[in-house]
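# Pasted the sequence and its predicted model underneath.
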Amino acid sequence: MISNWELWACANHYITEHGEDAAVIAAMRCDELLDSGDHEGARNYQAIILRINQLLDRPPGPLN
């Protein structure tokens with residue numbers, strides 16, 4: 001498993017590159033890793049997807 005910092009950095013990179021589609025794109029990569037038998041890599045991507053969703057989850061209502 002990669003470090004927590006690296007997971008957050010990867011999540012941020014996916015959002016920068018793919019915007020609102022970041023979680024879907026990361027999930028597709030996770031599926032590819034599972035299909036190839038790379039279970040550790042898939043677990044890393046599951047953790048990245050969790051962080052992507054946390055970063056994209058905006059609180060309801062105005063921010064101020």
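Happy to help now that I have it. Numbering: from 1, shown residues only.
# For H18, list the residues it contacts.
With contact set as Cβ atoms under 8 Å, 6 or more residues apart in numbering, H18 has these partners: V24, I25. For every residue, glycine as well, the C-beta is placed using N, CA and C.
# Model confidence for it, exactly?
Per-residue pLDDT puts H18 at 98.
# R29 too?
98.
# mind checking which helix or strand the residue lying closest to Y45 once chain neighbours are set aside is in?
Nearest residue to Y45 in three dimensions, chain neighbours excluded: C30, at 3.7 Å (Cβ to Cβ, 6 or more residues apart in numbering). Counting by DSSP states H and E, the element that carries C30 is helix 22-35.
# relative orientation of the next helix or strand after that helix and helix 22-35 in degrees?
Going down the chain from helix 22-35, the next helix or strand is helix 39-56, by DSSP H and E. Angle of helix 39-56 versus helix 22-35, following axes from the mean of the first three to the mean of the last three Cα atoms, to 10 degrees, is 170 degrees.
# about what we covered before: the residue nearest to Y45: neighbour count?
Other residues lying near C30 total 20 when counted by other Cβ atoms under 10 Å.
# what does A11 give?
23.
# coming back round to it: please state the offset of the helix holding C30 from the chain centre?
9 Å (Cα atoms, centre = their mean, to the nearest Å).
# Show me which residues of that helix are buried.
For helix 22-35, burial by neighbour count (16 or more other Cβ atoms under 10 Å) applies to A22, A23, A26, R29, C30, L33.
# other SSEs contacting that helix?
If contacts are counted by 3 or more Cβ pairs under 8 Å, 6 or more residues apart in numbering; DSSP states H and E, helix 22-35 sits against helix 4-18, helix 39-56.
# P62 is nearest to which of these?
Nearest to P62, of all these, is helix 39-56, at 18.1 Å by Cβ to Cβ.
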